[in-house]
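mind looking at a prediction? Sequence and model below.
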Amino acid sequence: MEKTLQVLNDLERNGALGRYAIGGAMGATFYIEPVLTFDLDVYVALPQKGDLISLTPLYEALKGRGYTIEEGECVNIEGVPVQFLPAYNQLLEEALSEAQEIVYENTPTRVLRAEHLMAICLQTGREKDRDRIRLFREEAKIDAGYLDGVLQRFGLEEKWRQWTQ
Amino acid sequence: METMDTIDPETKRILTAKENRRHKLASLPYPEKVRAVVQLQRMAVPLLRNRNKRARIWQINGLEVSSKER
């Protein structure tokens, strides 16, 4: 996965994508026990034209490097299917801007904070998100004050109560 | 429903060990967890293929797979 992250860092340096951070199951796996997934969800800030966000310039840059878009808009980068997800709402924008810097083997990268990953689970609201919240509560070190702030800012307190009672 | 207080000691011991193992897994370094995810993929792919679902094992450094597994 290190080579994949090196490619992402290079794309960020060259401006093909803005800031990026790992989310989804692989983001969660940073904090909890490993969970099965088949793709690497990467949240990205994209260069914007007016109100429109487009992944096309990013895909073009990837194509130029010989990577192809596969089924489900995944791009296989150095053996790992990467799913690029634009930060399409305020929660994701905040999550991306406050993602934590980590080093994977020898390569710097970013992972969304656990508290934001939990909030995204609440917002998405599938059964597997509920299960993931449970794992976070059981296994991850959570900053309760920070989580409260996130839940409050994005109107997720009631859902949190429903899911955790 | 049974609670941890009402189950027999042997089962309780097993469940506690299982929970401890999950906490241990949660505290592994990230690259080791990634290797564990790939191992999970290896276990899951044959089952998914039996259900006609497409899934592919990651091909990352030190974890290359044979073409049969792809």
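Ah, there it is.

next, see if stretch A:55-71 gets close to chain B.
Yes. Counting by CB under 8 Å from any CB of the partner chain, chain B is contacted by stretch A:55-71 at A:Glu71. Just so you know, the C-beta spots here come from the backbone N, C-alpha and C atoms, and that holds for glycine as well.

ok, for the residue in chain A positioned nearest to chain B, nearest residue in space, not its chain neighbours?
The nearest approach of chain A to chain B comes at A:Gly79, 3.4 Å away (CB to the nearest CB). Distances taken as CB to CB, 6 or more residues apart in numbering or on different chains put B:Gln59 closest to A:Gly79, at 3.4 Å, once the chain neighbours are dropped.

which helix or strand contains the one you found?
Using DSSP states H and E, no element contains B:Gln59; it sits outside every helix and strand.

and it, how far from A:Ile22?
Going from B:Gln59 to A:Ile22 by CB to CB, to the nearest Å gives 18 Å.

which one of the two is surrounded by more residues?
More neighbours surround A:Ile22 than the other of B:Gln59 and A:Ile22, with 27 against 15 (other CB atoms under 10 Å in any protein chain shown).

my read: A:Glu78 touches B:Trp58, true?
No. Here A:Glu78 lies out of contact with B:Trp58, judged by CB atoms under 8 Å, at a distance of 9.5 Å.

the two: which is more packed in?
B:Trp58 (24 against 18).

can you verify A:Tyr67 is assigned to a strand?
No. Using DSSP: H, G, I helix; E, B strand; the rest coil, the secondary structure at A:Tyr67 is coil, not a strand.

distance of the residue in chain B that chain A sits nearest to from A:Leu135?
In chain B, the residue that lies nearest chain A is B:Gln59 (3.4 Å; CB to the nearest CB). Distance of B:Gln59 to A:Leu135, computed by CB to CB: 27 Å.

quick one: secondary structure of the residue positioned nearest the centre of chain B?
Geometric centre of chain B, nearest residue: B:Leu40, 4.8 Å, by CA atoms, centre = their mean. Classification of B:Leu40 using three-state DSSP returns helix.

I'd guessed the residue of chain A closest to chain B sits against B:Ile60; true?
Yes. At 5.0 Å, A:Gly79 counts as touching B:Ile60 under the criterion of CB under 8 Å.

for the most centrally placed residue in chain A, give me its contacts.
Centroid check for chain A by CA atoms, centre = their mean gives A:Gly23 as the closest residue, at 2.3 Å. A:Gly23 makes contact with A:Asp41, A:Val42, A:Tyr43, A:Leu85, A:Ala95, A:Val111, A:Leu112, A:Leu117, A:Ile120 under the criterion CB atoms under 8 Å, 6 or more residues apart in numbering or on different chains.

counting neighbours, what do you get for B:Val34?
B:Val34 has 24 nearby residues by other CB under 10 Å.
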